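**Student:** I'll drop the sequence and a predicted model, then ask my questions.
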Amino acid sequence: MRLAVIGAGQIVAEFLPHATEVPGLELAAIQGRRREHLETLQEQFGIERVYTDLDECLADASIDTVWVALPNSLHFEVSRQALEAGKHVICEKPFVLEESELEELRALATARDLILIEAITTQYLANYRWIKENLDRVGKVKLIQSDYSQYSSRYNAFREGTVLPAFDPAQGGGALMDLGIYAIHFVVGLLGRPLKVTYTANVQRGVDTSGVLVLDYGDTTAVCVCAKDSAGPIRSKIQGEDGWIVVDGSPNVMASVTHAANGGDAEHVDLTKYPHRMVEEFLEFERIIREHDTAERDRRLDHSADVLSVVTTARAATSTATQEETE
């Protein structure tokens with residue numbers, strides 16, 4: 001996989017030091033706006049080429065895959081351009097902002113026989129795979145609760161009137177799209193698309209700064225709590241008729257898992273192999289692209305579509321709350 005990194009923000013800075021842990025991944029290029037910064041990254045991480053022009057980057061025939069690591073509102077357009085240029089696409093979460101956008105990208109990837117996949121660490125972590133494989137240990141699942149609340153470093157500026165992308169609804173900002181998306185992936189990856197979605201949000205100036213999402217599965221209820229305006233304990237909990245599972249820490253890292261059957265002793269599980277959460281997903285992306293595994297592509301896209309369906313309904317509730325706020 002000869003990768004072009006599109007973007008040079010925080011998520012890129014997190015992953016680049018660990019790129020060498022992914023056999024078969026070659027850092028062919030990085031594209032962004034500030035050449036000086038890009039050249040610093042190039043020298044530090046052995047990236048072959050630097051581009052400030054996206055079209056030039058996508059025209060580079062030596063690149064077979066692009067990783068779209070840009071603000072949320074740019075995901076769709078840049079992914080579309082990359083697919084049209086004949087590149088496989090790995091796109092950061094949240095994939096896109098509208099269901100129609102995902103449908104268009106999926107149709108384009110299928111027609112051109114390309115890999116298109118969402119980068120969402122939750123789905124690839126070994127501890128999450130253990131939960132999926134051992135979910136029957138708790139018996140019939142009755143309740144799931146996934147909490148991811150973190151006081152944002154940008155919230156003080158927001159309170160003072162400065163709206164940065166993380167809190168700009170037009171750019172896909174807000175608690176649900178930033179932190180809540182991991183909790184949604186956690187639940188939907190286990191139970192699939194829910195029957196009903198309800199999102200009750202704290203809305204300020206048109207954006208959800210925190211909220212509670214309820215996913216109704218009939219005889220199972222899941223609750224996702226996300227916040228950027230306040231902090232709280234971060235964990236996920238699965239309760240079943242025969243036992244429970246608890247994940248310590250955020251659903252995008254899942255540092256450890258604890259399980260117990262009713263009346264039994266707790267069992268601690270930690271299958272973490274790599275020091276950074278993104279390594280496992282990129283190992284799988286490299287395999288999917290190398291083997292041209294379109295069946296896995298389609299399975300992953302089905303999951304992303306289920307998540308986006310939840311997000312669409314929840315964002316509609318935020319829009320309604322915004323209208324009420326301004327009336």
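**Tutor:** It's in.
**Student:** output the below-cut-off pLDDT ranges for the stretch 101-250 of the chain.
**Tutor:** For the stretch 101-250 of the chain, no stretch is flagged by pLDDT under 70.
**Student:** how about the strands in it?
**Tutor:** Using DSSP state E, counting those that start in this stretch, the strands found in the stretch 101-250 of the chain span residues 116-119, 141-149, 196-204, 207-216, 221-227, 235-240, 243-248.
**Student:** can you say which of those strands is packed in most?
**Tutor:** Most buried of the strands of the stretch 101-250 of the chain, by mean neighbour count (mean count of other Cβ atoms under 10 Å): strand 116-119, with a mean of 24. Placement of C-beta: from N, CA and C, glycine included.
**Student:** quick one: contacts of that strand?
**Tutor:** 67, 79, 83, 88-93, 95, 105-106, 108-109, 278, 281, 285, 288, 297, 300-301, 304 (Cβ atoms under 8 Å, 6 or more residues apart in numbering).
**Student:** can we see that at 6 Å?
**Tutor:** Val89, Ile90, Cys91, Glu92, Phe95, Leu105, Ala109, Arg300, Ser304 (Cβ atoms under 6 Å, 6 or more residues apart in numbering).
**Student:** for that strand, list the C-alpha coordinates in PDB.
**Tutor:** The C-alpha trace of strand 116-119 is given here as PDB (Å, rounded to 0.1, in the frame of the first residue of the first chain):
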ATOM      1  CA  LEU A 116     -13.400   2.400   0.200                       C
ATOM      2  CA  ILE A 117     -13.300   2.100   4.000                       C
ATOM      3  CA  GLU A 118     -13.900   4.200   7.100                       C
ATOM      4  CA  ALA A 119     -11.100   4.500   9.600                       C
END
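**Student:** can you list the strands that that strand pairs with?
**Tutor:** strand 88-92 (parallel) (DSSP bridges).
**Student:** what does the strand it pairs with contact?
**Tutor:** In contact with strand 88-92 (Cβ under 6 Å, 6+ apart) are residues 65-69, 75, 79, 82-83, 114-119, 285, 289.
**Student:** those in helices, which ones?
**Tutor:** Judged by DSSP state H, those include His75, Ser79, Ala82, Leu83, Phe285, Ile289 as members of helices.
**Student:** which one of these is nearest to Leu179?
**Tutor:** Minimum distance to Leu179 across the ones in helices among the contacts of strand 88-92 is 17.2 Å, recorded for His75 (Cβ to Cβ).
**Student:** the closest one contacts Val96, doesn't it?
**Tutor:** Yes. Contact criterion Cβ atoms under 6 Å: His75 and Val96 qualify, at 5.3 Å.
**Student:** circling back to that earlier point, need the ones in helices among the contacts of strand 88-92 in CSV with pLDDT, can you?
**Tutor:** Formatted as CSV, those follow (pLDDT from 0 to 100):
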residue, pLDDT
His75, 98
Ser79, 98
Ala82, 98
Leu83, 98
Phe285, 98
Ile289, 98
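**Student:** adding neighbour count and distance to Arg34, write these out as JSON lines.
**Tutor:** Below are these laid out as JSON lines (neighbours: other Cβ atoms under 10 Å; distance: Cβ to Cβ, whole Å):
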{"residue": "His75", "neighbour count": "25", "distance to Arg34": "20"}
{"residue": "Ser79", "neighbour count": "29", "distance to Arg34": "22"}
{"residue": "Ala82", "neighbour count": "29", "distance to Arg34": "21"}
{"residue": "Leu83", "neighbour count": "24", "distance to Arg34": "26"}
{"residue": "Phe285", "neighbour count": "25", "distance to Arg34": "26"}
{"residue": "Ile289", "neighbour count": "22", "distance to Arg34": "28"}
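**Student:** next, the buried residues of stretch 159-172.
**Tutor:** The neighbour-count check on stretch 159-172 (16 or more other Cβ atoms under 10 Å) flags Val163, Pro165, Ala166, Phe167, Asp168, Pro169, Gln171, Gly172 as buried.
**Student:** what's the distance between the third one and Phe158?
**Tutor:** Right, the one you point to is Ala166. 8 Å (Cβ to Cβ, to the nearest Å).
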